[in-house]
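> Got a predicted structure plus its sequence, pasted below:
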Number of protein chains: 4
Amino acid sequence: MQIGMIGLGRMGSNMVRRLLQKDQECVVYGSHPDVVKDLQELGAVGADSLENFVSRLTKPRAIWLMVPAAVVDQELAKLTPLLDSGDIVIDGGNSYYRDDIRRSAELKSSGIHHVDVGTSGGVFGLKRGYCLMIGGKTSVVRHLSPIFAGLAPGAGDVPVTPGRDSHSSPGRTAEQGYLHCGAHGAGHFVKMVHNGIEYGIMAAYAEGLNILHNANVGTRSGDIDAETTPLRNPEYYQYTLDLPEIAEVWRRGSVIGSWLLDLTAAALQDDPALAKYEGRVSDSGEGRWTILAAIDEAVPAPVLSAALFERFSSRGDADFASKILSAMRNEFGGHLERSAPKTGA
Amino acid sequence: MQIGMIGLGRMGSNMVRRLLQKDQECVVYGSHPDVVKDLQELGAVGADSLENFVSRLTKPRAIWLMVPAAVVDQELAKLTPLLDSGDIVIDGGNSYYRDDIRRSAELKSSGIHHVDVGTSGGVFGLKRGYCLMIGGKTSVVRHLSPIFAGLAPGAGDVPVTPGRDSHSSPGRTAEQGYLHCGAHGAGHFVKMVHNGIEYGIMAAYAEGLNILHNANVGTRSGDIDAETTPLRNPEYYQYTLDLPEIAEVWRRGSVIGSWLLDLTAAALQDDPALAKYEGRVSDSGEGRWTILAAIDEAVPAPVLSAALFERFSSRGDADFASKILSAMRNEFGGHLERSAPKTGA
Amino acid sequence: MQIGMIGLGRMGSNMVRRLLQKDQECVVYGSHPDVVKDLQELGAVGADSLENFVSRLTKPRAIWLMVPAAVVDQELAKLTPLLDSGDIVIDGGNSYYRDDIRRSAELKSSGIHHVDVGTSGGVFGLKRGYCLMIGGKTSVVRHLSPIFAGLAPGAGDVPVTPGRDSHSSPGRTAEQGYLHCGAHGAGHFVKMVHNGIEYGIMAAYAEGLNILHNANVGTRSGDIDAETTPLRNPEYYQYTLDLPEIAEVWRRGSVIGSWLLDLTAAALQDDPALAKYEGRVSDSGEGRWTILAAIDEAVPAPVLSAALFERFSSRGDADFASKILSAMRNEFGGHLERSAPKTGA
Amino acid sequence: MQIGMIGLGRMGSNMVRRLLQKDQECVVYGSHPDVVKDLQELGAVGADSLENFVSRLTKPRAIWLMVPAAVVDQELAKLTPLLDSGDIVIDGGNSYYRDDIRRSAELKSSGIHHVDVGTSGGVFGLKRGYCLMIGGKTSVVRHLSPIFAGLAPGAGDVPVTPGRDSHSSPGRTAEQGYLHCGAHGAGHFVKMVHNGIEYGIMAAYAEGLNILHNANVGTRSGDIDAETTPLRNPEYYQYTLDLPEIAEVWRRGSVIGSWLLDLTAAALQDDPALAKYEGRVSDSGEGRWTILAAIDEAVPAPVLSAALFERFSSRGDADFASKILSAMRNEFGGHLERSAPKTGA
């Protein structure tokens, strides 16, 4: 099947590569000519303008946008006038699902179909395949099946979930790694929550490893002053643990085995102290939107929100709140803030 | 190598089975004669008394205790008088690591070695192998290598972590699924934090799936009264999502793939509404101890603690706190508590 | 000064009473004629229709809306056509500040001024006065000063904050209990965060009192099974504490003295077991919006969000998440859910 | 009544001053001779050695220890041999209640009584009085009533809680600001939870004020890159709020009025930007122990624990966890950590 790809960054260009490997026809357009050229050498059709790109696509056109969420509207504004009724625009980036609902309605007036696809897989997707969460009209989503199947991992050697008949029941594509989740926005809604979960899982590992990292706190010479709580039982915190080995052993047979753990093991293997990082953790929207959804639904999400807030804190955004706490302590107890840096953490 | 196993419950008996499959010699003792008999038929040597059990073991004896944490001390009180200097007692259950430190010191006076082993793998361990986190004296741990190697999953087909030379460097056993973590208690300390992480990961999935489960909140007729916050944008919550399919699709290629997700997919496949559960979640100690360690170390663990507290709440332990909140609201605002059950969640 | 009041519920009618006591002129309109009659007897001018209400007000009219946030737009739709350029509409309810921004822009086209006032004080406001947080155009807010001053508590006998010159510096009205916080929406924004803080404070007391309430957990006969974590040191939890007395003693001299504590003491005095409450805690919007603001600002709010989520949980909204946890535990460990009710909490 | 005071730091010396004002007889002993001399001038009897101190006390001696929790045991070791059966030792510091239980049992063998007193009031206690939470034997506690009554605030002008008969019912001393909470340790247990609540309340104010502080986030020029989530609606975050005035207005009539708010208003009045603080917040034990108690009791405490963890984070103790998160993000998504400092928070 033919697909046009706009946006040839890390994600978009790898998706083209994977589709080419799966014998799908790709027309590509992006701002970096050398990437276009690279993909052409792999079999893609390159375009040097948006007009040229559109003209090379067979109607009904299927166009995949793989651009930052912040520029989707401006890309659509340029693209839409060039399209015809029946054409399909697929937003595979990290758009907010509410924008999908709006855009699908806007495009509908021109007869253009909108499909939203939450895409997980990161830089490994080229090799492992991408997990695709899809929202849109059923007939349109079905029409795009060859593309989704090409991008998705396929059943692979993942064990069959007990109770599922086979890997290939018609219409049940989850085992292949892609799923039509529901109406417009449903794909990005599911992807949003997926990322919210991801934040929580990542934080669980990070907090736990930090506890292991500090299991030697009893060996450190403690500050003895009124502003520091003494450790009552230093004898229980005498372990200097080898985190790369621990992450490695957990990869086999343990309940907490996961792909994120595999990646953590790799990062710790490479740099056990993680010295090249400052510990300022970005967040990219979905984690925030997940909490907004939880609040709208009145569903408790203390773990997912704590994970999000830890990222904010890591960037210094709690500083003013902390100053207020120190100021209060000074007011009521005359407690002076201890400014000396703490060692060892 | 010969090992004696005390405690033939779900975990202990499966571990014997696995060791027998790996051609290790097992002497077994437990309170259920039929289990002993079953294991005898698989090649184990059965014992009908503790004395008999001890007498059938070759010195230096290696005895694995697989009993509830609450009874380890009484088991040791019966067992220790029958042992000789040089014998080894392995606690493979869920003991608190501080008890390991105490017990290893107590046993040392009789020349008996203590080894603590955190064992992860659950009911699947027989087939998948057990991930073993070990604490104790190096020479003793090395002596037990054949047992650990038999129980552990081995390298299997888990991808090699980039940067690790090979699967079999001497002394680096993590790739085989077992690890000598450190001195007495280190095994259970690492297992404790492992379980703390497990609580966090489980909660992340549970909260996220609950948000997906309630993505249709906009379709429900809302209560319109002063005590209920209206949903501002019901049009954004019109999705009735198929959780079993979503859990399934995430198993392939997504960033949040994990063994716990595999199990979640299986549970949802079996019973999408999870109607057979009340939602009263037990906790078994390690999650609590993880938070105690975090506090002693002054390491933030908001995600892990939130996960623990959600379990407490699920069992009604926040009820009095909630009554205080309702009482306060009544006091300052004359707000009457709404007692009618909420639908749809 | 003359003020028209629409909405004569608990809050609105008490505010009229207070203004009448302060010799302000009140024209009142509401759906319950008997309340209108009561207020008339206290000196208010009653109106039996919106038209009649408007006609009795002197231009430029000052009209205070004290109605549920959900009906403000429909009230404005009825009221606005009757007003003239230069008139002032004050929204004293719990509107979302974003609606203030929208409404002030809409009204501006008709030359009508909009002022948003966050009003704190609850049922005690009649006697104690109302704390007012105000947003809008400076000249309009100043014009309304007599009304604000009448509703607000005044300086009273609250100790002067060190460093503040006096209680009556011109333009600095905070000591009188009302404050022009900023442009349109600023009043409700500050009130929103005020309520978010309120949720956090309330939860802090509630959690703490729950811990005191359960300080006798060591006296209860514990369940002894694999699904229940035994209490390691029951001897440390033998206290049966008298919560009403404790709340009372904290009211004098302690760091945690507050008005909410006064109310808590009253509630506990009245009903130490709070048996008349189920513990289903409502929330009324501001707590949620506070977290949305925190997330938009990337400011960590783990305490405020935990307080909100506890309310959701109290209403059963975590149940599906809890079922997922029980299902996972059953899958990996064969753990059966314990359904028996727990005693004593 | 006569009392001996050991420990003449900020708290101890002020307590002596207050007792002298209440015409109680004070014998004092401390490491700083000039403080002893100051108190002598106010009417105290000074001692220059522990022996001298003990000899000046009438049997049965009542000795109040006001020393850091970490040195109580060594003080008792020196003091106890000098005492006689029937003497009373009062620990008014911040001891862990479990130590009270142990010490009271140890002292009992010598016939010495132990009383634990949680003391709240901070540097303002001299003037406002101290809120006292007391644990010990009833007869001994009653014997000390004059001292407790002298230190406590008394009924003062705090409004009577509705339903309480009068301020002076015999044995009901809570209205006077002191309370016999229960057996040994009960005083410090209640004080511990009191401080846990204090942490939660403080955090609620701090988080809320931080949200207000950042209400102008829409006015800042945002970073436009893939690692920064854009603010969707900057028009809603255009408020530059005057925090000292807001804290001030909340002091009158609002639901969140409290003594901690009074102090916050004072701190903000003095230094609106709190520029003299770094935001490294100490914690002094009780907050930690409160969470340990909650966990032992299986009582959820998400707000109190979040408040504690925020303090840990403020001191950099989450840094390694944050590095792990950045490392994971780099692994799966090739996300580079943004190191540039964020402005404006």
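That came in fine, so what should we check first? Numbers count the residues shown, from 1 in each chain, chains lettered A, B, ... in the order given.
> rest of the way, CA atoms for contacts and neighbours
Will do.
> quick one: contacts of stretch A:298-308?
Contacts of stretch A:298-308 with the rest of the structure, by C-alpha atoms under 8 Å, 6 or more residues apart in numbering or on different chains, involve A:196-197, A:199-200, A:203, A:283, A:287-288, A:291, A:294, B:200, B:203-204, B:207-208, B:210-211, B:214, B:302-304, B:306-307, C:302, C:305-306, C:309-310, C:312-313, C:317-318.
> Ok, stretch A:55-65 next?
Outside stretch A:55-65, the residues within contact range by C-alpha under 8 Å, 6+ apart are A:2-7, A:27, A:54, A:72, A:83-93.
> So which of those sit within strands?
For those, membership in strands holds for A:Gln2, A:Ile3, A:Gly4, A:Met5, A:Ile6, A:Val27, A:Ile88, A:Val89, A:Ile90, A:Asp91, with DSSP state E as the criterion.
> possible to save those as a markdown table with pLDDT, distance to chain B and neighbour count?
Shown next, in a markdown table, are the ones in strands among the contacts of stretch A:55-65 (pLDDT from 0 to 100; distance: C-alpha to the nearest C-alpha, whole Å; neighbours: other C-alpha atoms under 10 Å in any protein chain shown):
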| residue | pLDDT | distance to chain B | neighbour count |
| --- | --- | --- | --- |
| A:Gln2 | 98 | 23 | 19 |
| A:Ile3 | 98 | 21 | 23 |
| A:Gly4 | 98 | 23 | 27 |
| A:Met5 | 98 | 21 | 24 |
| A:Ile6 | 98 | 23 | 24 |
| A:Val27 | 98 | 25 | 23 |
| A:Ile88 | 98 | 22 | 24 |
| A:Val89 | 98 | 21 | 23 |
| A:Ile90 | 98 | 19 | 23 |
| A:Asp91 | 98 | 18 | 27 |
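> Closest one of those to chain C?
Among the ones in strands among the contacts of stretch A:55-65, A:Asp91 lies closest to chain C (C-alpha to the nearest C-alpha), at 23.9 Å.
> Identify the bridge partners of that closest one.
Following DSSP bridges, A:Asp91 is listed with bridge partners A:Leu65, A:Asp116.
> tell me the contacts of it?
Taking C-alpha under 8 Å, 6+ apart as the criterion, A:Asp91 is in contact with A:Trp64, A:Leu65, A:Met66, A:His114, A:Val115, A:Asp116, A:Val117.
> Show residues contacting stretch A:150-165.
Outside stretch A:150-165, the residues that touch it by C-alpha under 8 Å, 6+ apart are A:15, A:18-19, A:22, A:24, A:128-132, A:166-167, A:175-178, B:248, B:251-253, B:262, B:265-266, B:269-270.
> Right, and chain D sits closest to which residue of the stretch 51-200 of chain A?
As assessed by C-alpha to the nearest C-alpha, chain D sits closest to A:Gly122 within the stretch 51-200 of chain A, at 4.7 Å.
> give the contact list for that residue.
For A:Gly122, the contacting residues are A:Met11, A:Tyr130, B:Val255, D:Phe332, D:Gly333, D:Gly334, taking C-alpha under 8 Å, 6+ apart as the criterion.
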